[in-house]
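Undergrad: Sequence unavailable; structure follows:
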């Protein structure tokens, strides 16, 4: 009878012990996951912050890029090519237009 | 004191753009819609509508696309419509213009436009501006990009595709080519291909153009392109991926052949440099993967490198404006005047 009681108590203690152990383990896992979750949330916030900064930066760049088109900057300042090269092209263009002008007059 | 305005104009088959020395840019559809009847005239309060307004109200109008073939034809209606479009462009781009102010204009024409076509353009434009410069569209693109040496410009418009090789000197006729395989050609083969695959779907020129502009691509990577079309008025979704890819490739092939023609007839010492500096402009440069398709076709000839311009819509008119701005006064003195 006594041995049965001892066995029952032993079983009870073993069951309680395993329950406590598994509960502790679950608690540890939960805490770990919670920490990871918080870290991920923080990372997401950081990424969102970076994304916002990139967008703002992009907007600034876009606004800065606008004057590079014809809109605001005087056109003559936009051409980095050598003046000599450009003059040769403009001379060629003038000659082709003068030829067109002559041909048109001949047809007329 | 009267002001002098400089303007660059790209008079395109589908869209026309203008860029001015005052910093304004404007683009519109190259069309005029004349009212079909009295009711339409009463509704709009005018005899005709221009640009996007004409396209939006096309059911009540007879719409004229004066540059349907890439150049102005000699019909009176086309000449008058072109004049109205040009006038509209200048009015929109230069609202501050006062009587007595002068306009110096450079206007882009297809690379191999005939003398007759150029003459019509001059005749139409002269009453609207004070000085006029006619320039090849592809050359204007090169000038906009400051690419004067060892490069090949491919300007894919709606009516024509213009090619121009730049070699540090003014591009002569033998340096340029004009193809009729362009945006409208692609629209037609795309429409035929869609109807071949789905014979009962209902298409219009506008629907086909919208599909092309939104989904047009030339790529080995096949992704589904789901488009909603109607069959007897009932909408349904259709996958047009393979149809689009095949059709777009049909446009790339003649362009690649023309590139090879210009490269092949160039100085052999510089052929490789030309092949590695191909610049694609115009509305066709928006076709996804057209640069890669052209590069692939050039592999058989030693390889090449093609890039698309950033500002496909205004590149031509910006180049024309730059030419205007750089033209010395003594050169202008010799050119066409309204007198």
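TA: That came through fine. Being a predicted model, the structure only gives us computed values, none of them experimental.

Undergrad: avg pLDDT for the longest helix that chain A contains?
TA: Identified as the longest helix of chain A according to DSSP state H is helix A:2-65. The average pLDDT for helix A:2-65 rounds to 85.

Undergrad: Can you tell me the closest non-neighbouring residue to the closest residue to chain A within the stretch 151-300 of chain B?
TA: In the stretch 151-300 of chain B, the residue that lies nearest chain A is residue B:170 (2.4 Å; CB to the nearest CB). All C-beta atoms are positioned from the backbone trio N, CA, C, and that covers glycine. Of all residues not flanking residue B:170 in the chain, residue A:92 sits nearest, at 2.4 Å (CB to CB, 6 or more residues apart in numbering or on different chains).

Undergrad: how many neighbours does the one you found have?
TA: Around residue A:92 sit 15 other residues, with neighbours defined as other CB atoms under 10 Å in any protein chain shown.

Undergrad: thinking again about what came up before, my guess is the residue of the stretch 151-300 of chain B closest to chain A meets residue A:88, correct?
TA: Yes: counting by CB atoms under 8 Å, residue B:170 touches residue A:88, with 6.9 Å between them.

Undergrad: neighbour count winner among these two?
TA: Using other CB under 10 Å, the more surrounded residue of residue B:170 and residue A:88 is residue B:170, with 18 against 15.

Undergrad: so is that one in a helix, a strand, or just coil?
TA: Secondary structure for residue B:170, judged by DSSP: H, G, I helix; E, B strand; the rest coil, is coil.

Undergrad: Now it: phi and psi?
TA: Residue B:170 has phi and psi values of phi -60, psi 130 when expressed as degrees, to the nearest 10.

Undergrad: can you check residue B:11 too?
TA: According to degrees, to the nearest 10, residue B:11 has phi -90, psi 100.

Undergrad: helix or strand for whichever residue of chain A sits closest to chain B, which one?
TA: Nearest residue of chain A to chain B (CB to the nearest CB) works out as residue A:92 at 2.4 Å. Residue A:92 belongs to helix A:83-107 when elements are defined using DSSP states H and E.

Undergrad: buried set for that helix?
TA: For helix A:83-107, a neighbour-count test (16 or more other CB atoms under 10 Å in any protein chain shown) marks A:86, A:89-90, A:93-94, A:96-97, A:100-101, A:104 as buried.

Undergrad: And the residue nearest the centre of chain A?
TA: Of all residues in chain A, the one closest to the mean position by CA atoms, centre = their mean is residue A:51, 5.5 Å from it.

Undergrad: who touches that one in this structure?
TA: If you count contacts by CB atoms under 8 Å, 6 or more residues apart in numbering or on different chains, residue A:51 has none.

Undergrad: so how far is residue A:43 from it?
TA: Using CB to CB, to the nearest Å, one gets 12 Å for the distance from residue A:51 to residue A:43.

Undergrad: what does residue A:93 give?
TA: With CB to CB as the criterion, residue A:93 and residue A:43 are 59 Å apart.

Undergrad: ok so, going back, distance between the helix holding residue A:92 and the chain's centre?
TA: 50 Å (CA atoms, centre = their mean, to the nearest Å).

Undergrad: Can you point out the buried residues in the helix or strand encompassing residue B:119?
TA: Secondary structure from DSSP H and E places residue B:119 in helix B:115-125. Within helix B:115-125, the residues scored as buried using 16+ other CB under 10 Å are B:117-122, B:124-125.

Undergrad: same deal with stretch A:18-25?
TA: The neighbour-count check on stretch A:18-25 (16+ other CB under 10 Å) flags nothing as buried.

Undergrad: So which of the buried residues of helix B:115-125 reach chain A?
TA: Among the buried residues of helix B:115-125, the ones lying near chain A by CB under 8 Å from any CB of the partner chain are B:118-119, B:122.

Undergrad: Mean confidence (pLDDT) on stretch B:203-215, please.
TA: For stretch B:203-215, the per-residue pLDDT averages 84.

Undergrad: which residues sit against that stretch?
TA: So stretch B:203-215 is contacted by B:55, B:183, B:186-187, B:190-191, B:194-195, B:225, B:227, B:229, B:240, B:244, B:286-287 (CB under 8 Å, 6+ apart).

Undergrad: how far away is the residue of chain A closest to chain B from residue B:331?
TA: Counting by CB to CB, the gap from residue A:92 to residue B:331 is 11 Å.

Undergrad: Could you do residue B:86 as well?
TA: 23 Å.

Undergrad: More neighbours: these two, which one.
TA: residue B:86 (24 against 19).

Undergrad: Can you verify my assumption that that one contacts residue B:11?
TA: Yes: using CB under 8 Å, residue B:86 is in contact with residue B:11, at 7.2 Å.

Undergrad: Next secondary structure after the strand or helix carrying residue B:318?
TA: In this assignment (DSSP H and E), residue B:318 forms part of helix B:315-326. Toward the C-terminus, helix B:315-326 is succeeded by helix B:329-333 as the next helix or strand (DSSP H and E).

Undergrad: Show me what counts as buried in that next one.
TA: Buried-residue list, helix B:329-333, by 16+ other CB under 10 Å: B:331-332.

Undergrad: Please work out which residues outside that helix touch it.
TA: A:90-91, A:94, B:104, B:131.

Undergrad: dump the residue contacts of the residue nearest to residue B:170.
TA: Applying CB under 8 Å, 6+ apart, the residues contacting residue A:92 are B:169-171.
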